[in-house]
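S.K.: dropping the sequence and predicted coords here.
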Amino acid sequence: MKIAIGSDHAGFVYKQAIAQMLREAGHEVVDFGTDSAENCDYPDFIRPAAEAVADGACERGIVLGGSGNGEAIVANKVRGVRCALVWDEKTAELGRRHNDANVISIGERTITSDLALKVVQIFLETPFDGGRHERRVNKIESED
């Protein structure tokens, strides 16, 4: 799978670990930065990662920051992105099963690194349930 990844300085350490895990599992990782833990502005890295998912260049996306909140907000401003803020195994699973999330946002300051790697695995392995959830996802995607 081709996966977009992006973070600000507060998510940099986990971004590096997640990207390594993904590559070792055989995924293609497109890293939109940042490239260090030096202070930076998250929209500069999150928007391009989200756009890569929205335009089909990448199948899924993972964005990271301190809390993950700002990153999820930025990603969800991109039409075609359904970014779930995840903080445990259940939110990662339900983001896929019920919302067909194509991007997840993780806060490095909110969960352990082991849990971050686990939620990424769940995000990649969990299918969308469809059914009644498909109707709702279609409403999200419809133009007003």
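M.R.: That came in fine, so what should we check first? Just so it is clear, the model here is predicted, and its values are computed rather than measured. Numbering: from 1, shown residues only.

S.K.: only the buried residues of the lowest-mean-pLDDT helix or strand in the chain, if you could.
M.R.: Every helix and strand of the chain was ranked by mean pLDDT, DSSP states H and E. The lowest is helix 132-141, at a mean of 90. The neighbour-count criterion (16 or more other C-beta atoms under 10 Å) identifies residue 137 as the buried residues of helix 132-141. No exception for glycine: its C-beta is placed from N, CA and C like everyone else's.

S.K.: ok, which stretches of this protein are strands?
M.R.: Here the chain has its strands, by DSSP state E, at 2-7, 28-31, 60-65, 83-86, 103-107.

S.K.: put together JSON lines for these, with distance to residue 14 on each row.
M.R.: JSON lines is the format used below for these (distance: least, C-beta to C-beta, whole Å):
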{"stretch": "strand 2-7", "distance to residue 14": "7"}
{"stretch": "strand 28-31", "distance to residue 14": "13"}
{"stretch": "strand 60-65", "distance to residue 14": "5"}
{"stretch": "strand 83-86", "distance to residue 14": "12"}
{"stretch": "strand 103-107", "distance to residue 14": "6"}
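
S.K.: could you dump those strands into a markdown table and include mean neighbour count and mean pLDDT?
M.R.: Listed next are the strands of the chain as a markdown table, based on neighbours: other C-beta atoms under 10 Å; pLDDT from 0 to 100:
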| stretch | mean neighbour count | mean pLDDT |
| --- | --- | --- |
| strand 2-7 | 26 | 98 |
| strand 28-31 | 16 | 98 |
| strand 60-65 | 28 | 98 |
| strand 83-86 | 26 | 98 |
| strand 103-107 | 28 | 98 |
